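1. Predicted coordinates and the sequence they were generated for:
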Amino acid sequence: MEIIEVTSTPPNDLEPVVLVIGKFDGVHKGHQLIFDTARELMEEEDQLAVYSFSDHPQWILRQDPKFEKKLTPDAEKFQILKDLGVQRYYRVQFTKEYANITAREFILDHISRLHVKRIVVGEGFHFGKGSESSIEELVSLCAQINVAVTVVPLLKEEGNIICSSDVRSLVEDGNMDEAWALLGRPYTVTGTVIHGRKLGRELGFPTINLGGTDSYVFPKPGVYMGSVEIHDGNFAQTNWNVLISAGYRPTVNGSGYLIEAHLLDFSGDLYGATVSVSFLKFMRGEIKFSGLDSLIAQMTKDMAEAKSVFQQM
Ligand SMILES: Cc1cc2nc3c(=O)[nH]c(=O)nc-3n(C[C@H](O)[C@H](O)[C@H](O)COP(=O)(O)O)c2cc1C
Ligand SMILES: Nc1ncnc2c1ncn2[C@@H]1O[C@H](COP(=O)(O)OP(=O)(O)O)[C@@H](O)[C@H]1O
């Protein structure tokens, strides 16, 4: 997948594309339907392209902290979109200046520089200054530059429209089963294994500590069943069942939110490796124990419970 950085107008591109436009945080099942539809509408010479914004407008314009964090920061989003068949990714730096571009300018001065044959968007797509313009205007502007428009209906799950903000709330509430149902895959955080206090091995539960995760939406503090994928050629087995501890580690006076994972029946050195941790099921909240012995006793219980559930899966 080619990444094309866009700060104002995009480059003049000759490649014929079917273009999907949107933010796509989470790339949930509703988003996936848009990409599936776009792929079906492609002709042989076409490439599948996405015009997407790196930051949420609500964060850039109003500094609303709710929108600073993402379900899928760029690296995660790139991987998922590549797997969905996207070949060109126009990464648009959304700025206060960018927010002033009118719908007319956006289509006639920006999008017209690409060789777009068709635009595919989700129902309810709004764009241009103040997000004032709707699909009707999109269709009429696109007609002027001979671009077809396809509108994909909003996908529902159990009667509710799937949306990124609901998935965020589910993750923040530790409701990983439902988040999984809306995303079509478990909620996953990718990071690098960093050094901790080396206490885990003494407790009998070494844990990989994940660095570089600050831009992700953080799951509710607690213990989860999960899985880890190791992105490193040195390991024959790359997927492991894990116990995840996410949160503030009150028993050991931890500082700041941390995601760590104990790989079941694994031994080896993972420092520096890039790993993806998937949250499958919330087991319990984080507890401040009075001493390390009670923490170890609880972790031993957690492990027995997780192993028995994994065996039934
Ligand atoms: C299965 C599991 C459950 C955990 N539960 C708690 C908990 O309830 N409260 C807590 O303070 N820390 C909890 N922890 C975090 C440990 O305190 C932490 O892993 C330990 O201090 C090792 O830290 P280190 O990686 O810096 O060496 C848990 C860790 C694991 C693996
Ligand atoms: N089963 C395992 N699960 C997680 N990490 C393991 C396991 N076995 C060995 N390790 C290694 O041990 C390290 C964690 O040990 P730990 O004592 O918790 O140190 P730290 O405080 O640096 O995380 C991991 O980064 C990894 O390299």
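-> Good, I have the coordinates. Nothing here was measured: the structure is a model prediction, and the numbers come from that model. Numbering: from 1, shown residues only. Ligands and ions are numbered 1, 2, ... in the order given.

2. Bridge partners for I161, pull those for me.
-> Here I161 sits in beta bridges with K156, going by DSSP bridges.

3. For it, grab the count of nearby residues.
-> I161 has 13 neighbours, counted by other C-beta atoms under 10 Å. C-beta: built from backbone N, CA, C; applies to glycine.

4. confidence score at it?
-> pLDDT recorded at I161 is 95.

5. isn't H231 right up against T274?
-> Yes - between H231 and T274 there is a contact at 4.4 Å, judged by C-beta atoms under 8 Å.

6. where's E5, which helix or strand?
-> In the assignment (DSSP states H and E), E5 maps to strand 2-6.

7. what distance separates whichever helix or strand comes after that strand from the middle of the whole chain?
-> Sequence-wise, the next helix or strand downstream of strand 2-6 (DSSP H and E) is strand 16-22. Remark: strand 16-22 is offset 20 Å from the chain centroid, using C-alpha atoms, centre = their mean, to the nearest Å.

8. just stretch 198-213 next, same as before
-> 24 Å.

9. do it and ligand 1 meet?
-> Yes - Stretch 198-213 is in contact with ligand 1 by C-beta under 6 Å from any ligand atom, via 198-200, 205, 207, 209.

10. Just these: which are in strands?
-> Judged by DSSP state E, the residues of stretch 198-213 next to ligand 1 include N209 as members of strands.

11. could you dump the residues of stretch 198-213 next to ligand 1 to TSV with neighbour count and pLDDT?
-> Shown next, in TSV, are the residues of stretch 198-213 next to ligand 1 (neighbours: other C-beta atoms under 10 Å; pLDDT from 0 to 100):
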residue	neighbour count	pLDDT
K198	8	94
L199	14	93
G200	18	93
F205	18	97
T207	22	98
N209	21	98
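
12. of all the residues of stretch 198-213 next to ligand 1, which comes closest to ligand 2?
-> G200 (2.4 Å; C-beta to the nearest ligand atom).

13. okay, now G268: neighbour count?
-> Using other C-beta under 10 Å as the criterion, the residues surrounding G268 number 11.

14. my bad, L292
-> 13.

15. For E172, see how far away it is.
-> Counting by C-beta to C-beta, to the nearest Å, the gap from L292 to E172 is 29 Å.

16. all helices of the chain, in order?
-> 29-41, 57-62, 74-83, 103-105, 135-144, 164-172, 176-183, 200-203, 292-312 (DSSP state H).

17. could the ones you listed go into CSV alongside distance to L14?
-> Putting the helices of the chain into CSV (distance: least, C-beta to C-beta, whole Å) gives the following:
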stretch, distance to L14
helix 29-41, 20
helix 57-62, 30
helix 74-83, 22
helix 103-105, 22
helix 135-144, 19
helix 164-172, 33
helix 176-183, 35
helix 200-203, 54
helix 292-312, 51
